Each structure stands twice: as C-alpha cells, then as structure tokens.
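Visitor: Generate coordinates for the sequence data below:
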Amino acid sequence: MMATGDDPLHVDDWLYRDEGHANIIIANKCSRDVLRLRKCELSSCVPNGEVLKGKKDVDTSKWQQQLDYQNLVMRPLIGPKFVPFAHLVQLPEGFVDAVNKACVASRPANRLNKAGDPSWQCGIHLPDVALLPISTTGVSSESHCSGTNGVRGDASVPCPPTFCIELKPKWGYLPISPHACGGNGIKYTHCRFCMFQHLKVAHGKWQHRSLYCPLDLFSGNSARRRHALYSILQTPQNNIRILKDARHVFKADSSTGMASAASWEQLREACSSLPEVISDEDNAYYDTLPEDFRQRCPKQVCAVLHILSQILHHDSKRSHHTLAESRCGTSLRTIPLCGAGTFDPAKHGGERHTGVNGVQSKLASEWTPDVAPCGGVLASVRLAQMLDDMDIEGILPLVHRLGALDPAIWEKWGLNGPYTSGDWQLSSELGRRCEDIDDGSVEFAVRKIRQFAAACTAKDCSIMVVFQQFQPGLFQAEDQLVEIQTSAGLQKYAYNISVVDLDIKEFQRVKKYIVEDSQVVSHFMTNCKVGE
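Guide: Below you'll find the model as predicted:
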C-alpha cells in the first residue's frame, strides 16, 4: 500500500545521513524520521548533482515486497519492539532532484557515480534509529528542529549528546546440523566469521584479521562480551560504526578495515564530555590491551563500550524469549568458545577443558553461565539465525529436490513472495524442535528453504543501540534505563535498541554460498593450525 504523509515533503527539512550501494538515506531535521531513496547510475551528469530523468512507469512492486518481508516476516520473528515498521511514501514531483542537489557536497567522493533516481516517485519511510524516539525522550519535534541534540521542552536547554553504536554482529552460533561435516567437522568448533577472516585477508579484502568473535558477544558472559566489544573497536572492519547526535564519528576505512587517525581523533573529541567509568573489571582488562591501542583509545572512549555492554546485559533481562527454551533447549543455548577466537579464559580466571565430543568448549564453571540469556535483542537475533538448522551443506540437496533454481517452481511455492502468505509466518517455527526429521517430501524442503532465507537475513542484520544521559522529567520509558558508576558519580542512561538491514537474500545466492563455504573451510584447514 502506497502511503502519503499528511504534510508535504520539503527538501529543506532533510539532511544527508548515509548511503549504500543501492540506496541513499536522508534524515528529517524535526520529526526523527528517515527516507530511503533508490539510487541509479549517472548515465549523464549536469551541474549541481542533477541526473537526467528516467522513465515514469517504474514498477515499485519489488520494493513493496521487500517491505512486506521486513514487516510481516522478520518483524514478528525478531520482535516488533526491535524492528521498526517501514512503509512506502509518495514523493512530490522534483523532490529527488532537489535532494540530489542539496546532498552532493555531503556525499563521499567514491559514491558520486550514482544519485537518487528521479524516476522513483516513492521512498521508504522509517523512524530515525540513530536517535532516541520522541515517545521515549519526551522531546517535541519542534524543539528538536533547533539542533541535533534537541532541547528540553520546558526551557531551551540542550540535551546531553546522543550516542549510537551500530553493530553488525554476524553469526552467533556454531552449526547444529549433522550435514555441516565439511573439513572433518571443523565448523562444529570454529565459527564461520573467524574462519572467513583468514580467507578475506589472503584475498586482500582486509589488511588484518578481526580480533572479534561473534560467539563472545552472544555468549551472555560479561568477560567475553567485554572482550568482543574491545576487539571490534580495535579491528572495526564493517562491524561497528559510532555516531554522535546522528553524525558519524567513527568507522573503518573501506579499503583497509581499520580506523584512520582522523576517525580516532573524531571519536576522542566526541567522547571528551563523557566521565570515566569506574569498573574494576574494565580497568583491569584495559591495562592488558596493547599500548598503541590505549594511546588511541583513552578511558573516556572506553566509557562508550562499557555503557553499551551494560545496556546489552540489561536488555537481556527485560524480557524472556520462551521459544528459545522450546526450540533450542539448554544444550544449544550454551555458547562455547570458538576454536579460532582470540578470547583467552586464563586472563579471566577460567580455563579450557574438553567438552562434548572432545571439543574444547567451556570455561571454568565458577564464572561462565551455563546457558546464554533467553531475552533481549541478542537472543532474538540468534534465535532467528538458528532457523538455519540444516547448514548450507544440508540446504543444497533440498534445493535440488525442489527443482534447483527454476523460477517457475520457485514461484509455485511462493519462495520469492508474496510474503503476505501465512506460509511465511515463521514465528511458529521457533517453537519447533531443531531435530525435526526430513520425511523426504517437497513440503519439508520448502519449509527449510524458507527458514534458511530468514536465517540468512538475521545473520547479516545490524543492531543499533542508542543511549543518552538521563535527564529528570525528560525520559518516559523507565524500563530502558541503566545505571553506570562513573567518576562523576552514579549516572543513568536511557537507551533504545533497533534491528535494521533486514533485506531478503536472493535464493540465487545459494550457489555462491556453497562455493564460499567450501573455500572458507578449505583455506582454513590448509593454512591454519587448528588449536592455535
């Protein structure tokens, strides 16, 4: 359904925010909304960033299907409180042209080969997840117009800065499928992300392997979570970006995967107003980090990581995902150490020991939780990821059972939509035991392929965590407050969490996935000493 806002869209109300390969994002100065606009190649360029107008009969049905997938498949799966609702809005004539002119000076030079497509007279409307919702903060849209910080409605006093950390957490579990036996079962003990790092460095994608391991972030253990967040900041690649008042202050260089000196300087300046966190555990861990990293990252910057870690911990206790119990049971909620990870339990009072099937899996029981949390955003994302209980090695035979990638068969079973069908309501699958048996039917193959599609989306999603220091009378959501002991005393922070980047992964990628999986495992087995 195409929607049109009650108020006309004026280009002066919008600012350039970000862009990717296919879309450009603009943010409203007042309403805390964003628009996602379709991009096109610049077949002809004229001054002021204009592009030649294309055809007017653009088919927006694919975009609507994408929204149906996000709203009707992924939103119920991960949770409405985490996934914002998106809808199409009609754009006035000339709006995209005007946006192109207004934004060209703000855009990265390497993106200027494309611009907003004037032939698309619609955009995707979403709440601005880089800021706290107005309903949470109590800040009026009129007051927010005066600046990115916003002001208090009672007295034109600027609000404290708003920080947003965008995490791309990747796969938070080890395969559970008996089909994941490539490389002598290496995938059961070494996570996909860590193994893939070796291949990416070998192919020149990144200069250095990431120190981050997703299993540590999802583990529910405070020491492993701390290590994951510090590691992701040391080797950011495309797994973390930090914004202050909706403006980027930290991100990696796309060619190296490391943050530049200028980016570190921006981050230090952005965090200069934050008090140091008082935490014996954090301080002890910080002292073990390399000297060059500590010079780039003073303790005021580390306050952002500590607040983020406490928010994730607090969020995990706010709600309990009962389906995690029924689908996974206790054994699958246990998140072992990755065989290729960098976390050293000996530095945290633990030790490795041989677990089930001879796998070195657990840490000392006195400090490691038996199971990962059942609540919060990390549990919800991980549960959606675990809908892939076949692994790509188990999915490929099901694809062939269905008739390979024949578009006619795919259409017959609705695997490319429409997503309004009840068959795509996958929340019920979360309550099904992972060990359900293949009966050899086409219906089983269709069900597992749908699950695999949703799991692939969850494996590549982004988590946006926004926080701002609490101001009495300003915030309304009392269950979204965390208390942090700082050098300035006990402080409260309001927060909000959103999950974005929930586009469907095309089924034609199955061939790419199986080739990539084979390359990752083969390269790791050939070039890396397992256990080091």
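Visitor: so where's the stretch 1-150 of the chain shaky on pLDDT?
Guide: Within the stretch 1-150 of the chain, the stretches with pLDDT under 70 are 1-8, 43-58, 134-150.
Visitor: which residues touch the biggest helix by length in the chain?
Guide: Ranked by number of residues, the top helix in the chain under DSSP state H is helix 299-318. With C-beta atoms under 8 Å, 6 or more residues apart in numbering as the test, helix 299-318 has contacts from 163, 165, 220, 222, 225-226, 229-230, 233, 242, 267-268, 271-272, 274-277, 279, 282-283, 286, 373, 375-379, 465, 467, 479, 482, 484, 486, 493, 495, 497. C-betas here are computed from N, CA, C, even on glycine.
Visitor: And those, which of them are buried?
Guide: Those of the contacts of helix 299-318 that meet the buried threshold are 163, 165, 220, 222, 225-226, 229-230, 233, 242, 267-268, 271, 274-277, 279, 282, 286, 373, 375-379, 465, 467, 482, 484, 486, 493, 495, 497, by 16 or more other C-beta atoms under 10 Å.
Visitor: coming back round to it: okay, buried residues for the longest helix of the chain please.
Guide: Across helix 299-318, burial judged by 16+ other C-beta under 10 Å covers 299-316.
Visitor: for the chain, which strand is longest?
Guide: Ranked by residue count and defined by DSSP state E, the top strand of the chain is strand 489-500.
Visitor: what angle sits between it and helix 299-318?
Guide: Relative orientation of strand 489-500 versus helix 299-318 (axes from the mean of the first three to the mean of the last three C-alpha atoms, to 10 degrees): 70 degrees.
Visitor: can I get the CA coordinates of whatever helix or strand comes next after strand 489-500 in PDB?
Guide: Following strand 489-500 in sequence order, the next helix or strand is helix 510-527 (DSSP states H and E). Output in PDB follows, covering the C-alpha atoms of helix 510-527 (Å, rounded to 0.1, in the frame of the first residue of the first chain):
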ATOM      1  CA  VAL A 510      22.700 -20.500  -2.800                       C
ATOM      2  CA  LYS A 511      25.300 -21.400  -5.400                       C
ATOM      3  CA  LYS A 512      27.500 -18.600  -4.200                       C
ATOM      4  CA  TYR A 513      27.000 -19.700  -0.500                       C
ATOM      5  CA  ILE A 514      28.100 -23.300  -1.200                       C
ATOM      6  CA  VAL A 515      31.200 -22.300  -3.100                       C
ATOM      7  CA  GLU A 516      32.100 -19.700  -0.500                       C
ATOM      8  CA  ASP A 517      31.600 -22.100   2.300                       C
ATOM      9  CA  SER A 518      33.900 -24.700   0.700                       C
ATOM     10  CA  GLN A 519      36.500 -22.000   0.100                       C
ATOM     11  CA  VAL A 520      36.400 -20.800   3.700                       C
ATOM     12  CA  VAL A 521      36.800 -24.300   5.200                       C
ATOM     13  CA  SER A 522      39.400 -25.400   2.700                       C
ATOM     14  CA  HIS A 523      41.600 -22.300   3.100                       C
ATOM     15  CA  PHE A 524      41.400 -22.500   6.900                       C
ATOM     16  CA  MET A 525      42.200 -26.200   7.000                       C
ATOM     17  CA  THR A 526      45.100 -25.800   4.600                       C
ATOM     18  CA  ASN A 527      46.700 -22.600   6.000                       C
END
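Visitor: In CSV, list the C-alpha atoms belonging to stretch 79-96.
Guide: Taking Å, rounded to 0.1, in the frame of the first residue of the first chain, the C-alpha atoms of stretch 79-96 are listed here in CSV:
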residue,chain,number,x,y,z
GLY,A,79,10.2,-8.8,17.7
PRO,A,80,8.2,-5.6,17.0
LYS,A,81,9.9,-3.7,19.8
PHE,A,82,13.3,-4.2,17.9
VAL,A,83,12.3,-4.0,14.2
PRO,A,84,10.7,-0.6,13.2
PHE,A,85,7.8,-0.6,10.9
ALA,A,86,8.5,0.6,7.3
HIS,A,87,6.2,1.9,4.6
LEU,A,88,6.3,3.5,1.2
VAL,A,89,5.5,7.2,0.9
GLN,A,90,4.7,9.1,-2.3
LEU,A,91,7.3,11.8,-3.1
PRO,A,92,6.3,15.1,-4.7
GLU,A,93,7.5,16.0,-8.2
GLY,A,94,11.0,17.2,-8.2
PHE,A,95,11.8,16.1,-4.7
VAL,A,96,14.5,13.6,-5.6
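Visitor: How far off centre is that stretch?
Guide: Here stretch 79-96 shows a centroid-to-chain-centroid distance of 19 Å under the convention C-alpha atoms, centre = their mean, to the nearest Å.
Visitor: Next, the buried residues of that stretch.
Guide: 79, 82-84, 86, 88-89, 91, 95-96.
Visitor: Next: stretch 180-199.
Guide: Of the residues in stretch 180-199, 180, 182-183, 186-199 count as buried by neighbour count, 16+ other C-beta under 10 Å.
Visitor: Which ones among the residues you listed map onto helices?
Guide: If you go by DSSP H, the buried residues of stretch 180-199 have 182-183, 192-199 in helices.
Visitor: Just the closest of those to Q295, please.
Guide: The closest of those to Q295 turns out to be Q197 (C-beta to C-beta; 25.0 Å).
Visitor: returning to what we had before: return the list of strands paired to the longest strand of the chain, each annotated with direction.
Guide: When sheet partners are counted by DSSP bridges, strand 489-500 sits next to strand 462-469 (antiparallel), strand 481-486 (antiparallel).
Visitor: quick one: contacts of the first one?
Guide: Contacts of strand 462-469 with the rest of the structure, by C-beta under 8 Å, 6+ apart, involve 129-132, 137, 159-169, 307-308, 311-312, 377-378, 381, 482, 491-501.
Visitor: Quick check: buried residues in stretch 494-502?
Guide: For stretch 494-502, the buried set under the neighbour-count rule, 16+ other C-beta under 10 Å, comprises 494-500, 502.
Visitor: on that earlier part again, max pairwise distance over the ones in helices among the buried residues of stretch 180-199: which two?
Guide: Across those, the longest distance by C-beta to C-beta is 17.7 Å; it joins G182 and Q197.
Visitor: mind showing which ranges of the stretch 301-450 of the chain have poor pLDDT?
Guide: 319-333, 348-374, 404-405, 428-436.
Visitor: what's the pLDDT at the residue nearest in space to the middle of the chain?
Guide: Nearest residue to the geometric centre of the chain (C-alpha atoms, centre = their mean): S462, 1.1 Å. Turning to S462, the model gives it a pLDDT of 96.
Visitor: Could you find the closest non-adjacent residue to it?
Guide: Leaving aside its chain neighbours, S462 sits nearest to D501 (4.4 Å; criterion: C-beta to C-beta, 6 or more residues apart in numbering).
Visitor: repeat for V89
Guide: Nearest to V89 is H125, by C-beta to C-beta, 6+ apart, at 4.6 Å.
Visitor: What strands line up against the helix or strand the one you found falls within, and which way round?
Guide: Secondary structure assignment for H125, by DSSP H and E: strand 122-127. Taking DSSP bridges as the criterion, strand 122-127 forms sheet pairs with strand 33-41 (antiparallel), strand 87-90 (antiparallel).
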